[in-house]
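Chemist: My questions are about this predicted structure, shown below with the sequence.
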Amino acid sequence: MVKVLFVCMGNICRSPTAEGVFRHQVEQANLTDQISIDSAGTHAYHVGNPPDGRAQSAALKRNVDLSEQRARRVSADDFLAFDYVIAMDESNKDDLLAICPEGYEDRIHLFLNFSECEEIEVPDPYYGQGRGFEIVLNLVEDASNGLLKHINT
């Protein structure tokens with residue numbers, strides 16, 4: 001079983017979107033018995049809350065349901081439990097490195113390193129207007145495809 005954890009700041013926009021999209025792709029590939037997926041945040045602002053309504057709405061338009069997810073904070077134990085700890089941006093990666101037990105740093109990755117896009121970070125759509133959540137979904141879908149290919153090789 002390969003275990004994947006997606007991480008953003010509050011675990012209500014980007015990382016639950018990544019969890020939902022990647023889970024959907026894993027289900028479509030009939031790999032649910034081989035890949036386990038979760039998400040968390042580097043901060044505890046929204047612990048216990050569902051994903052942002054805008055993230056849920058945008059995801060549902062692509063047949064991805066985020067409604068059962070609840071925000072939680074990442075912990076040092078997650079580095080022992082997960083094979084991949086996937087950060088949405090450099091700031092979250094730095095926060096993860098700060099709590100990562102020695103010897104587990106190689107489990108931390110930037111999500112868009114698995115994509116074919118030119119961007120380096122998944123932008124935080126929380127305070128934005130307009131198409132921010134759609135842009136996040138586009139980036140997440142591309143990176144999820146790349147991550148799935150990476151895991152399957």
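Modeler: Now that the structure is in, tell me what you want to look at.
Chemist: Next one: the residue nearest to residue 40 when sequence neighbours are not counted from residue 150, what distance?
Modeler: Counting by C-beta to C-beta, 6 or more residues apart in numbering, residue 40 lies nearest to residue 74, which is 3.9 Å off, once chain neighbours are set aside. The way it works is simple: take the backbone N, C-alpha and C, and place the C-beta from them, glycine included. Distance of residue 74 to residue 150, computed by C-beta to C-beta, to the nearest Å: 21 Å.
Chemist: quick one: which of the two has more around it?
Modeler: residue 74 (27 against 12; other C-beta atoms under 10 Å).
Chemist: which of the residues in the longest helix belonging to the chain are buried?
Modeler: Counting by DSSP state H, the longest helix found in the chain is helix 132-151. Within helix 132-151, the residues that count as buried by 16 or more other C-beta atoms under 10 Å are 132-133, 135-137, 139-148, 151.
Chemist: Taking these together, which two end up most distant?
Modeler: Largest separation among the buried residues of helix 132-151 by C-beta to C-beta: 132 and 151, giving 27.9 Å.
Chemist: ok, so what distance separates residue 69 from residue 59?
Modeler: On the measure of C-beta to C-beta, residue 69 and residue 59 end up 10 Å apart.
Chemist: list residues touching both of these two?
Modeler: Residues touching both residue 69 and residue 59 by C-beta atoms under 8 Å, 6 or more residues apart in numbering: 20, 51.
Chemist: Residue 6: neighbour count?
Modeler: Residue 6 is flanked by 32 other residues according to other C-beta under 10 Å.
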